[in-house]
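Participant: Pasting the sequence and the predicted model now:
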Amino acid sequence: MALSRVFEPIKIGNVEVPNRIVRTAHDTGFAKPHINDDFIAYHLARAKGGCGLTILEASSVHPSSKLDVALFGDEIIPGFKRLMSAIRPYGMRVFQQLWHGGNLYPDFSGGPPWAVSDVPGYWGLVGRPMSTPDVEELKESFVAAALKCREGGLDGIEVHACHGYIFHQFLSPYYNTREDRYGGSFENRSRFLVETMRAIRATVGNDYAVGIRMGASELPGGVSENENRQLLRQLEFEGLIDFVDVSKGDYYRMDTMVGSMQNAAGYELSSTADIASVATVPRIVTGRFRTLEEAEQVLREGVADLVSMVRAQIADPDLVRKTREHGPDAVRPCLGCNQGCIGGLFRTARMGCAVNPTVGLEATFSEDLIRRGAHPRKVLVVGGGPSGMEAARVAALSGHRVVLAEAGPALGGAVNLARTAPWLQGLGDITQWLEQEVYRLGVDVRLGTYVDGEAALAEGADDIIVATGSIPRMDGFQLANPSRKVTGIGLPHVLSSIDLLSQPNRNYGKTALVLDTTGHYEGLAVSEFLLRKQVAVTYVTQSVSLTPYVQTTWRDVPTLERFYKLGGFDQRLRHELVEVRPDTCVVRALQAGVDQLSEVPADSVVLITQNTPLRSLFDELRTIHSSVHLVGDAMSPRDLQVAIAEGHRVARNLSAAGQV
């Protein structure tokens, strides 16, 4: 598709945005305890990459609701000025989102927040119902925050009025139980928001860009599209907004707010385009857009004027520039896995990316800082999975002469099989891109080439990177009971996930037991593979919840919905596998007595346990070669994000002149 609309400038109030690509507000975890070099470098990289507009992450306007960034202290202004000084030369416009979480998050002292009522929030927190003076104080706080943004040199502000936060709570008939002028009818429930927007406009004037983020709730009977349209008409009629940013969902369905691999591009449009249809001000829409072609289509259809591409520009900060100069294939693809971005925030309180290890480290680790060394080295990479390909790619970018040897017939490693599982086909996007890049950079790729110690030494490489991966451990080892020796573990119907996915036409019977000690998506993928074949699944794990690592990516909810629609899925949490029999398995609750056993049907048994690293080549070479490195699953079986990051880091740190 020829791209034209995405590169057109557009005016939002008095602000000219150079193109139609936006990064809507998203938490990063970088601005702690204030705007710092990491935060600035992260946004600067996307400005250099060609993004038209960035809306900085939600920031608290009042001490009664806590987020990383606070807008109620004057120390935010110098930070804004530093940020804008860095970004301004590159043309990207910058707005700030103003936020209060209501009953969802505690206040800055750790106590209960201000809220519309004493109805508990999604996480179970009971807030302090706001008095009328509190409402007035919070309005003034939004106004004061807007003034700080203007003083700090930002181009505009956006008021967050959806996703279940304070204004959504006032709008909601479930959370708003007030009996004063801010409760009851929709006019009353929307009064707080309308009065706040009036106060902001009256204070900052008509020459400063003011917008609002709106959206319908996924909670049945919650804030509807119709109510959003009604409110949008009023705000626009009164001249209170210069743009509208329309999203969908709330904490009731986080997987809608941050759609993952199961969501198609534009999945929110059935709701957001409906709301935006009444607007004449510029409209921003979101919804897992990954390419400029997808954004172009939305713009041509006329349902929006700008398109948000947040995670796509986390994965590749140069998305706009690369697409314009080299075409879409040059862009490192976002997988929609939510593992590093959303998942990183929940696991480590800091955003990362499964495919881009430089996220949050741009100040010192951006790929722009890679320099070709004056004295190139010869680098041998053994293993053509994601870690090996990333190592080869970065070494080649550094100017080294790189040989990539893969024992199998194709590059891609374990991803080649994982992508065949239900809803995981997108995993192959990153291995396809890495393969394309290593060939483009002139890496000497040798397929079907097994490398032992002798062959590695014969290559005469200055540096050897071992990325040979891992294999399934099939002894039935269970984390919660290492002493447990599972009887019957060697029976022929006991399989690994590799066995299962590589033999899709095999007869797996009518029932299966899946033992999962890892807690990643692999267990869900295997279960869905079987359920689709009408094989009933008993899922056994020592964990207190289903796949705990998946829950931080919000992919578990839609997966379980599919499971229960297919039927035949049963969970046994806090359980262990005791014995495998020809057509049944014996399991036990971990806290039950040794003789409190139960039997479940299982024509097939699938073991998903921690793999065994394939590191024998490294162990052979480490004492006889001066520069041997172990990366990815060959070091320790973990996940795609770690594998890519380790390959990247090792290649960046090779001992050649000019390395960063």
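Facilitator: Sure, I can see it. Numbering: from 1, shown residues only.

Participant: For F346, see how far away the residue nearest the centre of the chain is.
Facilitator: Taking C-alpha atoms, centre = their mean, the centroid of the chain lies closest to N338, which sits 2.6 Å from it. For N338, the distance to F346 (C-beta to C-beta, to the nearest Å) stands at 10 Å. Bear in mind the C-beta positions are built from the backbone N, C-alpha and C, glycine included.

Participant: overlap in contacts of those two?
Facilitator: T552 (C-beta atoms under 8 Å, 6 or more residues apart in numbering).

Participant: before we move on, the earlier item: now do the contacts for the residue nearest to the centre of the chain.
Facilitator: 258, 260, 311, 552-555.

Participant: Go again with 7 Å.
Facilitator: Contact analysis of N338 by C-beta atoms under 7 Å, 6 or more residues apart in numbering lists 258, 260, 553-555.

Participant: so how far is E390 from it?
Facilitator: 20 Å.

Participant: Then A47?
Facilitator: Taking C-beta to C-beta, one finds A47 at 25 Å from E390.

Participant: Check V223 too.
Facilitator: For V223, the distance to E390 - C-beta to C-beta - is 44 Å.

Participant: try V320
Facilitator: For V320, the distance to E390 - C-beta to C-beta - is 23 Å.

Participant: Check the gap between G205 and K139 for me.
Facilitator: 17 Å.

Participant: ok, those two, which is more surrounded?
Facilitator: More crowded of G205 and K139, by other C-beta atoms under 10 Å: K139, with 19 against 10.

Participant: so can I have JSON lines of the contacts of N338 showing neighbour count?
Facilitator: As requested, the contacts of N338 are arranged in JSON lines below (neighbours: other C-beta atoms under 10 Å):
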{"residue": "V258", "neighbour count": "21"}
{"residue": "S260", "neighbour count": "23"}
{"residue": "T553", "neighbour count": "27"}
{"residue": "W554", "neighbour count": "20"}
{"residue": "R555", "neighbour count": "26"}
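
Participant: JSON lines please, covering these and showing pLDDT.
Facilitator: Below are the contacts of N338 laid out as JSON lines (pLDDT from 0 to 100):
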{"residue": "V258", "pLDDT": "91"}
{"residue": "S260", "pLDDT": "94"}
{"residue": "T553", "pLDDT": "92"}
{"residue": "W554", "pLDDT": "90"}
{"residue": "R555", "pLDDT": "93"}
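
Participant: between these, which is nearest V379?
Facilitator: Closest approach to V379 among those (C-beta to C-beta): T553, at 33.6 Å.

Participant: how about the nearest residue to that closest one, chain neighbours excluded?
Facilitator: N338 (3.7 Å; C-beta to C-beta, 6 or more residues apart in numbering).

Participant: Can you tell me how far that neighbour is from E179?
Facilitator: Distance from N338 to E179, by C-beta to C-beta: 41 Å.

Participant: Go through this protein and flag its longest helix.
Facilitator: helix 132-151 (DSSP state H).

Participant: Please point out which parts of that one sit buried.
Facilitator: For helix 132-151, the neighbour count (16 or more other C-beta atoms under 10 Å) marks 135, 138-139, 141-150 as buried.

Participant: Ok, stretch 79-94 next?
Facilitator: Neighbour-count burial for stretch 79-94 [16+ other C-beta under 10 Å]: 79-80, 82-83, 86-87, 91-94.

Participant: For it, what does the pLDDT average out to?
Facilitator: Mean pLDDT, computed over stretch 79-94, is 98.

Participant: ok, residues contacting it?
Facilitator: So stretch 79-94 is in contact with 15, 17-18, 34-35, 40, 43-44, 47-48, 51-54, 56, 149, 152-155, going by C-beta under 7 Å, 6+ apart.

Participant: Derive a PyMOL selection command for the buried subset of the residues you listed.
Facilitator: To isolate the buried ones among the contacts of stretch 79-94 in PyMOL, judged by 16+ other C-beta under 10 Å, type:
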select buried, resi 15+17+18+35+40+43+44+47+48+51+52+53+54+56+149+152+153+154+155
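
Participant: Now the residue nearest to T553. Its backbone dihedrals?
Facilitator: The phi and psi values for N338, taken as degrees, to the nearest 10, are phi 60, psi 10.

Participant: Retrieve the pLDDT associated with it.
Facilitator: On the pLDDT scale, N338 gets 96.

Participant: V660 too?
Facilitator: pLDDT recorded at V660 is 30.

Participant: before we move on, what about A656?
Facilitator: Reported pLDDT for A656: 43.

Participant: and what of G373?
Facilitator: 83.

Participant: So it: helix, strand or coil?
Facilitator: The three-state label given to G373 by DSSP: H, G, I helix; E, B strand; the rest coil is coil.

Participant: my read: it touches A396, true?
Facilitator: No - taking C-beta atoms under 7 Å as the contact criterion, G373 and A396 are not neighbours in contact, 11.8 Å apart.

Participant: quick one, which of the two is more surrounded?
Facilitator: A396 (24 against 16).

Participant: tell me which element the more buried one falls in.
Facilitator: helix 386-397 (DSSP states H and E).

Participant: Show the average pLDDT along that helix.
Facilitator: Mean pLDDT, helix 386-397: 98.

Participant: Same question for stretch 196-210.
Facilitator: Mean pLDDT, computed over stretch 196-210, is 98.

Participant: what's the straight distance from one end of that stretch to the other?
Facilitator: Length of stretch 196-210, first residue to last, C-alpha to C-alpha, to the nearest Å: 12 Å.

Participant: for the chain, what are the low-confidence residue spans?
Facilitator: Residue ranges of the chain with pLDDT under 70: 655-660.

Participant: looking at it, which residue ends up farthest from its center?
Facilitator: D595 (43.9 Å).

Participant: OK, contacts around that residue?
Facilitator: By C-beta under 7 Å, 6+ apart, D595 has no neighbours at all.

Participant: That one belongs to a strand?
Facilitator: No - using three-state DSSP, the assignment for D595 is coil, not a strand.
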